[in-house]
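In: Return a 3D structure for these sequence lines:
(one chain, ligands or ions: 1)
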Amino acid sequence: MSSPRRSVDGRPAGSGAGAGGGGSHPGSPAHGSHGGSGGSKFEFQSLLSNRSPGAEPSSAWLRASESPLHRRGSFPLAPAAAPQPPPPPLPEEDCMKLNPSFLGIALRSLLAIDLWMSKRLGVCAGEKSSWGSARPLMKLLEISGHGVPWLAGTAYCLYRSDSWAGREVLVNLLFALLLDLVLVALLKGLVRRRRPSHNQMDMFFTFSVDKYSFPSGHATRAALVSRFILHHLVLAIPLRVLIVLWAFILGLSRVMLGRHNVTDVAFGFFFGYIQYSIVDYFWLSPFNIPAVFALWSHK
Ligand SMILES: CC(C)=CCC/C(C)=C/CC/C(C)=C/COP(=O)(O)O
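Out: The predicted model follows:
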């Protein structure tokens, strides 16, 4: 004789508490005539009714009506005559996805690795963190990549500029910084990924979308600005290396401060790099927007 079927928590099927008044009724596979092997509905209902309200939504709960044992005609011993009332609809989080796609599994794994790495790298997230003493330095780096000094600095240099070539570069840098601000705000508002739980929200001058973390605005700006500078300023090699290092360390500091997950910064770098290509494509010059450059003609 086969042993009785067991529910996931190890109890024999039909022995669980809160099974909806016994769970076995005529017409149900759990009903006595089919022995223990047909008790799946009872088991699943029992499991569902035992769940605590805050239980993990991604747990593998199987909707009884989706069980192969309950598919119409798939269980040869099920009595056909007795009508069954339709099971009450279950909340979405109680259903198991039976065939998660490869992409879904890959994405979930990537996110799990991302969260784990970000937590481990967040060594300056608080004063009491392992590298908490380096926090002021990280915050200084944060200001070096903030939108306010970059916008204000570029506007000031543009105002003081006395050459047409300089003005052209600075107008485009201003355009790049504004474009970056708008695109990052749009993406943040669209994706709405929360900042890591270990982040302290003590950032200097933020917008409301800056409560979201994807993508990192500092990383997009670092990639955009450094690519811009490397293209349009003639600099000695050590300075060029310094600019690339600054961008990389700024991105790393976002994760170390606990402001971002690694993927926020990685995508931010990629997005900033692409943004430069957009700026380059729509390059503003006295030939295509004479009106803007005419602002200086009376000076
Ligand atoms: C002139 C004007 C309105 C400037 C606004 C500049 C501004 C507030 C930029 C936001 C910078 C910021 C806090 C970005 C967030 O960076 P994450 O790396 O934390 O995403």
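In: Where does the prediction get shaky in the chain?
Out: 1-81, 90-99, 298-299 (pLDDT under 70).
In: Spell out which parts of it neighbour the ligand.
Out: Within the chain, the positions near the ligand by Cβ under 6 Å from any ligand atom are 146-148, 151, 181, 203, 205-207, 210, 216-218, 254, 259. All C-beta spots, glycine's among them, are computed from the backbone N, C-alpha and C.
In: Going through those residues, which ones are buried?
Out: Among the residues of the chain next to the ligand, those scoring as buried are H146, G147, L181, M203, D210, S216, G217, H218, R254, R259 (criterion: 16 or more other Cβ atoms under 10 Å).
In: Just the element for the third one, please.
Out: So the one you mean is L181. helix 164-191 (DSSP states H and E).
In: Grab the nearest non-local neighbour of L181.
Out: Nearest in space to L181, with sequence neighbours left out and distances taken as Cβ to Cβ, 6 or more residues apart in numbering, is G147 at 5.8 Å.
In: follow-up on the earlier one: elements contacting the helix holding L181?
Out: For helix 164-191, the packing partners by 3 or more Cβ pairs under 8 Å, 6 or more residues apart in numbering; DSSP states H and E come out as helix 147-160, helix 217-232, helix 262-281, helix 290-293.
In: Give me whichever of those helices is most buried.
Out: When you average the neighbours per residue for each of those (mean count of other Cβ atoms under 10 Å), helix 217-232 leads with a mean of 23.
In: elements contacting that one?
Out: Against helix 217-232 (3+ Cβ pairs under 8 Å, 6+ apart) you get helix 147-160, helix 164-191, helix 237-256, helix 262-281.
In: and the angle for that helix with helix 237-256?
Out: 170 degrees (axes from the mean of the first three to the mean of the last three Cα atoms, to 10 degrees).
In: Output helix 217-232 as PDB, nothing but the C-alphas.
Out: Taking Å, rounded to 0.1, in the frame of the first residue of the first chain, the C-alpha atoms of helix 217-232 are listed here in PDB:
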ATOM      1  CA  GLY A 217      22.200  60.500 -12.100                       C
ATOM      2  CA  HIS A 218      25.800  61.000 -10.900                       C
ATOM      3  CA  ALA A 219      26.900  58.000 -13.000                       C
ATOM      4  CA  THR A 220      25.200  59.300 -16.100                       C
ATOM      5  CA  ARG A 221      26.700  62.800 -15.600                       C
ATOM      6  CA  ALA A 222      30.100  61.400 -14.900                       C
ATOM      7  CA  ALA A 223      30.100  59.400 -18.100                       C
ATOM      8  CA  LEU A 224      28.500  62.200 -20.200                       C
ATOM      9  CA  VAL A 225      30.800  64.900 -18.900                       C
ATOM     10  CA  SER A 226      34.000  62.900 -19.100                       C
ATOM     11  CA  ARG A 227      33.300  61.800 -22.700                       C
ATOM     12  CA  PHE A 228      32.400  65.400 -23.600                       C
ATOM     13  CA  ILE A 229      35.600  66.800 -22.100                       C
ATOM     14  CA  LEU A 230      37.800  64.100 -23.600                       C
ATOM     15  CA  HIS A 231      36.300  64.900 -27.000                       C
ATOM     16  CA  HIS A 232      36.400  68.700 -26.900                       C
END
